[in-house]
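[1] Curious how this folds, go ahead:
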Amino acid sequence: MNLNDMVKNAYSNAAKSNDNSKKSESSPELQHVTDYLKTGGLIKVTQDQTEQKDSIFRRVAKFLLIIGEDEAAKILPHLSEAQIEKIIPEIASIRSVNKDEADSILAEFNSLLQNARQAGGVETAREMLTKVYGKEKANQMLEKTVPFSGARPFDYLSDSDSERIYILLKDENIGVQAMVLSHLQPQKAASVINQMNPEEKKEIVLRLAKMEAVSPDILKRVDRALREKSLRQTSQKAEKIDGKNALAQILKKMSPSAENDIIASLSASDPDLGMDLRSRLFTMEDVINADDRFIQEQLRLLDDQTLCLLIAANPDDFRNKILDNVSSTRRQDVLSIEEINKPFRRSDCERVTSEFFATLRRAYEDGKLIIHGRDEDFVN
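    Prediction:
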């Protein structure tokens with residue numbers, strides 16, 4: 001059975017899934033679900049199922065809101081244009097997801113993931129080893145080879161911001177806090193520690209300095225308990241949602257080209273929603289309407305090679321905006337360099353474009369950049 005069929009079956013038996021999720025004693029593994037959705041060919045949303053109380057598109061929209069803006073921003077680019085056109089309006093219209101429903105949705109997606117894994121993975125290996133060696137021996141063998149099922153302890157915190165991690169850890173004992181922080185990237189761990197008051201900082205730094213090796217069994221139990229706590233935190237957070245604002249935050253975390261494509265497509269089908277999102281975002285259209293003097297200042301800071309990456313693979317009106325704000329001599333030089341060095345890596349182009357957008361967005365939010373058509377209070 002392929003993933004598309006599993007999605008159909010899961011939603012045609014929604015009531016049964018909800019009942020089962022409430023009876024389940026274990027929390028769904030959100031990070032594993034999200035990882036699978038990103039790398040395993042994302043949910044193939046059916047195109048013909050529209051008459052249900054909660055359509056597939058609305059269910060996926062709720063899932064994206066529940067898992068948070070960072071993860072949703074990674075998932076959306078993998079959807080087809082047709083799916084995005086259905087799901088984006090649903091995200092914008094959602095106002096809340098109660099805790100029971102959030103738990104149910106996470107459980108359903110986890111169930112789909114587990115079904116998709118049946119052809120392989122740790123659990124399949126466990127079943128095979130159990131049949132040959134018995135349960136106890138099988139578990140011992142797996143402990144030695146895949147103690148964390150291929151993932152590092154606390155890997156589900158890798159994409160969480162420092163504030164969320166601090167909230168997750170603040171009521172844990174100092175030993176657990178030190179254990180978790182020691183497994184995070186140093187920069188992120190330092191950011192979490194900076195959230196603490198002076199006394200907490202002193203205690204955690206001393207504890208980290210004196211830390212000794214922790215047994216795999218204790219590490220695994222803490223990892224599992226904290227994962228479940230993180231999931232509870234996620235589902236509780238879903239009870240109050242501003243769908244449009246959440247959608248704007250998701251789009252901000254995507255590349256400018258992906259953000260622009262989604263808004264352009266959405267505006268064609270729902271002009272009012274497209275206009276609302278544009279008012280919450282800094283878009284490619286804003287760059288085109290930005291004050292030329294500020295653009296010129298920023299372009300002087302870029303070398304010609306970077307300027308080539310900025311205009312490559314972007315729409316003509318964006319290219320013209322950039323090239324019109326450099327001298328005619330530099331324009332010719334940049335176009336010549338572009339022609340000689342084609343083709344460029346898309347990842348390099350998106351990185352430079354994202355950095356340029358981020359600079360302009362910060363300037364606009366700080367009141368240093370005027371956008372014609374948005375800032376009607378200003379006159380020349």
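
[2] Tell me the buried residues in stretch 185-193?
    188-189, 191-193 (16 or more other Cβ atoms under 10 Å). All C-beta atoms are positioned from the backbone trio N, CA, C, and that covers glycine.

[3] Just these: which are in helices?
    188-189, 191-193 (DSSP state H).

[4] pLDDT score for the spatially most central residue of the chain?
    Geometric centre of the chain, nearest residue: E71, 2.1 Å, by Cα atoms, centre = their mean. pLDDT recorded at E71 is 77.

[5] now swap in V326 and tell me
    So, for V326, pLDDT stands at 95.

[6] Equivalent analysis for I218, please.
    pLDDT, read off for I218, is 84.

[7] again with P343
    90.

[8] looking at this, it is in a helix?
    No - P343 is assigned coil when assessed by DSSP: H, G, I helix; E, B strand; the rest coil, not a helix.

[9] before we move on, back to that, can you tell me which of the buried residues of stretch 185-193 is nearest Y364?
    Nearest to Y364 out of the buried residues of stretch 185-193 is S191 (Cβ to Cβ; 25.7 Å).

[10] and the buried residues of stretch 185-193 as a markdown table, adding distance to D316 and pLDDT?
    Listed next are these as a markdown table, based on distance: Cβ to Cβ, whole Å; pLDDT from 0 to 100:
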| residue | distance to D316 | pLDDT |
| --- | --- | --- |
| K188 | 40 | 83 |
| A189 | 46 | 86 |
| S191 | 41 | 84 |
| V192 | 45 | 89 |
| I193 | 48 | 90 |
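
[11] need the contact list for H372.
    289-291 (Cβ atoms under 8 Å, 6 or more residues apart in numbering).

[12] Show me where the stretch 101-250 of the chain dips below the pLDDT cut-off.
    111-129, 131-133, 137-151, 159, 231-242 (pLDDT under 70).

[13] Out of the contacts of H372, grab the one that's most surrounded.
    Highest neighbour count within the contacts of H372: A290, with 22 neighbours (other Cβ atoms under 10 Å).

[14] Which residue ranges of the stretch 101-250 of the chain form helices?
    122-133, 135-145, 162-169, 174-182, 186-193, 198-209, 216-237, 243-252 (DSSP state H, counting those that start in this stretch).

[15] Packing partners of the helix or strand following the last one?
    If I follow you right, that is helix 243-252. Next helix or strand after helix 243-252 toward the C-terminus (DSSP states H and E): helix 256-269. Packed against helix 256-269, as judged by 3 or more Cβ pairs under 8 Å, 6 or more residues apart in numbering; DSSP states H and E, are the following elements: helix 81-93, helix 243-252, helix 271-280, helix 284-288, helix 346-365.

[16] List the buried residues for the third one?
    Taking 16+ other Cβ under 10 Å as the basis for neighbour counts, the residues of helix 271-280 that come out buried are 273-274, 276-278.

[17] ditto for the fourth one
    Across helix 284-288, burial judged by 16+ other Cβ under 10 Å covers 284-288.

[18] same thing with stretch 68-75?
    68-69, 71-75.

[19] do the same with stretch 337-350
    338, 344, 349-350.

[20] Next: stretch 316-323.
    318-319, 321-323.

[21] Point out the ones among those residues that are inside helices.
    Using DSSP H, the buried residues of stretch 316-323 in helices are 318-319, 321-323.

[22] Looking at those residues, spot the one nearest V97.
    F318 (36.7 Å).

[23] Skipping its backbone neighbours, what lies nearest the closest one in space?
    Nearest residue to F318, sequence neighbours excluded (Cβ to Cβ, 6 or more residues apart in numbering): M284, at 5.7 Å.
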